[in-house]
Structure formats: C-alpha cells, structure tokens
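1. I would like the atomic coordinates for the input below:
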Amino acid sequence: MAKNSVAGLLTSVDDLFSTQESRDEAKLERVINLSPAEISDFPNHPFKVRMDEEMQQMAESVKEHGVLVPALVREKPDGGYEMIAGHRRKRAAELAELSKIPCIVRNLTDDEAIIVMVDSNLQREKILPSEKAFAYKMKLDAMNRQGKRLDLTCAPVGHKSRDILAEQSGDSKSQIQRYIRLTYLLPEMLDMVDDGKIALRPAVELSYLAEKEQHFLLDTMFSEDCTPSHAQAIKMRKFSQEGKLNPDVILSIMQEEKPNQKEQIKIPKERISRYFAPGTPAQKIEDTIIKALELYRKRQRSMER
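-> Residues are numbered from 1 along each chain as shown. Sure thing, here's the model as predicted:
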C-alpha cells in the first residue's frame, strides 16, 4: 500500500508539473516557418502597404536573401495566424514567390497586439498623416481599455494614457489629438491631407464639420480648384457650429482672396488631356508645360536674331 501510495503521489506530482510546463511553454515565443497564405492581415491595419519602388527593391532583396528579420504573429482562435508586425515583409515574400517566411509566434491579447503593432510601425521613416491618425487612435483606445482594468490611481485614465503616448511617440499631446481628429474626415479629404494638398491645422478644423458639410466642401474644392486656408477652415467650423453652413456659404468663403494669394491661370483639362497619358499627376503636367514654354521662348528669341 505504501508503494502504491508513493507511486500515486509521484504520478500526481508529475501531472502537476507537466501541466505547469505546458502552460509555461504556451507563453514562450517560438520561431516557425509559415506560408504567407496562413497569415491574415491585422484587422483595420492603419499602415498602408504601398506598391512603390521601395517595395520592389524589398521584393528583390527577399528573393535573393530571404526574409532576414522574422515577422511577428499570433495564433487565431479559429486557426491560422494573424500578422502583428511584418505586413511589408509578407507582401515582399509574396512578390518573390517564397513558400515560407520565418515568424515569431507570440501570445498576445487584442489590446496588447494593437499596442505592439502600432509601436513596431511607428519606427518607420515615412508615415502618412492618415496612418498616424488611425494608429494613435487605436493605441490610445487600447491603452484606455487597459487602464480601466489596471489603473488604481485617481488620475483620469484618458489623460494618463495620453501622457504616456506622448512620451513614447515623441509627438506632444496636442499634436496627437490633432492627428486623431483626422479620423473624422471623409476618406477623399484625408487623401488630400496625405498628398499635401491640405495642411494639418486646416484639416483639423474641417474634421469638426458634419459629413454632409464635408461633401459640400469637397464639391466646392473640385469646382473652384482650390483648398481652404487655416483661416477659411476656422470660419467654416464656426458657421457649422451655428448651423449656418451650406453650399452657398462654403462657396462664398472659398472665393475670398487669401493673404498673399497669387493669381492663377486655369486651363480646362479637356484642352490638354490629349497631350498626356491618363493618370499623369497634375504637377508633372505643369512641369511639362513650363518646359515647353521655355523651349518656345528660346526658339522665338533665336528667330528674332
């Protein structure tokens, strides 16, 4: 009986330790090779994977050397994996037709995954305003949710999270708030911010306009071929708050002469479109016209001699 008791005791102890070992192992990171098809993109990933020259160069490098830095993924409850950091590496591997890429598998909660995803991408050199806007919003929301569970101080959770985010990102609290306001813009208007056609401060003011008012403004910008200054954006926000912003008011504001505004010559698009390939950027069209005029002037001067 004594031997059986000891054996039973040893068996139960072994089971206890094996269960703990399994739990510990589940928490450990491990590197495995995964097919890109097994990895889904992070939900609402705010950072764009652009098919630009840099991506082509990355694909060529991956084709020659493979993926040198493992991507970071987590397991999905229903099977497969979810990308946390490495969307560009995954796309480059797909272009290079690699069957497998190295991945670090990490056990993360939803909020932990959001924070790691944002932090890993904010280290990039080129980040669009729209990318910062949605990334800051996602991370701040995740931090606030964590704070509601963990914060034991009397300080408001939101303020504390903004302080931490400012310290980690390098942007001030007010600048972070400006970026987050951009998430209230229409996609078409946010694209104009990314393209540098609308500056950050006027864009923030425009973010307070109702969706219908933003559509009115877009129509006016296209028809008048102009964008609002900071002062004009402030004026439109004021009219909106008073419930007086309509297409006529927007047109009136947009037709106001801006300080140091330069007179512009407008050429109907249909008159010059046949000279350029479809989709040619407006700046390239302008540069080409200027070069053509310079050549014309030189030829005229040579004929006069």
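2. how deep is Met138 tucked in, by neighbour count?
-> Neighbourhood size, Met138 [other CB atoms under 10 Å]: 22. (C-beta placed from N, C-alpha, C; glycine too.)
3. Please name the residues that touch it.
-> Residues in contact with Met138, defined by CB atoms under 8 Å, 6 or more residues apart in numbering, are 44, 46, 114, 118.
4. helix, strand or coil for it?
-> Under DSSP: H, G, I helix; E, B strand; the rest coil, Met138 falls in the helix class.
5. so for stretch 192-204, what's the average pLDDT?
-> The average pLDDT within stretch 192-204 is 95.
6. Please apply the same query to stretch 285-298.
-> Stretch 285-298 comes out at a mean pLDDT of 84.
7. Would you mind writing the CA trace of stretch 68-78 as CSV?
-> Provided in CSV are the C-alpha atoms of stretch 68-78 (Å, rounded to 0.1, in the frame of the first residue of the first chain):
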residue,chain,number,x,y,z
LEU,A,68,16.1,38.0,-42.6
VAL,A,69,14.0,39.5,-39.8
PRO,A,70,11.1,37.3,-38.7
ALA,A,71,7.6,38.7,-38.7
LEU,A,72,5.6,38.8,-35.5
VAL,A,73,2.3,36.9,-35.5
ARG,A,74,-0.2,35.5,-33.0
GLU,A,75,-2.4,32.4,-33.3
LYS,A,76,-6.1,32.9,-34.1
PRO,A,77,-8.7,31.1,-32.0
ASP,A,78,-10.3,29.6,-35.2
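8. Next, the contact list for Asp194, please.
-> 128-130.
9. quick one on the thing from earlier: could you dump the contacts of Met138 into a markdown table and include neighbour count and pLDDT?
-> As requested, the contacts of Met138 are exported to a markdown table (neighbours: other CB atoms under 10 Å; pLDDT from 0 to 100):
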| residue | neighbour count | pLDDT |
| --- | --- | --- |
| Asn44 | 8 | 92 |
| Pro46 | 22 | 92 |
| Ile114 | 25 | 95 |
| Val118 | 27 | 94 |
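10. Of the contacts of Asp194, which is the nearest to Glu64?
-> Ranked by distance to Glu64 (CB to CB), these are led by Leu128 at 29.0 Å.
11. Return the distance of the residue nearest to that closest one when sequence neighbours are not counted relative to Ala37.
-> Once flanking residues are discounted, Leu128 sits nearest to Asp194: 4.6 Å by CB to CB, 6 or more residues apart in numbering. Separation of Asp194 from Ala37 (CB to CB, to the nearest Å): 30 Å.
12. Checking Thr288 next. Helix, strand or coil?
-> Under three-state DSSP, Thr288 comes out as helix.
13. That one contacts Phe276, correct?
-> Yes. Contact criterion CB atoms under 8 Å: Thr288 and Phe276 qualify, at 7.4 Å.
14. I figured Phe134 hits Leu185, correct?
-> No. Contact criterion CB under 8 Å: Phe134 and Leu185 do not qualify, at 11.2 Å.
15. So for those two, which residue has more residues nearby?
-> Leu185 (23 against 20).
16. What pLDDT does the model give the more buried one?
-> With respect to pLDDT, Leu185 scores 98.
17. ok, now which ones touch the closest residue to it other than its chain neighbours?
-> In space, Leu185 comes closest to Ser207 once its chain neighbours are excluded; the distance is 5.2 Å by CB to CB, 6+ apart. Counting by CB under 8 Å, 6+ apart, Ser207 makes contact with 181-185.
18. Sketch out the low-pLDDT regions of the stretch 151-300 of the chain for me.
-> Low-confidence segments of the stretch 151-300 of the chain (pLDDT under 70): 151-159, 258-266, 279.
19. hey, where'd the helices end up in it?
-> Here the stretch 151-300 of the chain has its helices, by DSSP state H, counting those that start in this stretch, at 157-169, 173-181, 187-194, 200-206, 211-224, 230-241, 247-254, 269-272, 282-304.
20. The fifth one versus helix 247-254: what angle between them?
-> Same thing as helix 211-224. Orientation check (axes from the mean of the first three to the mean of the last three CA atoms, to 10 degrees): helix 211-224 against helix 247-254 gives 50 degrees.
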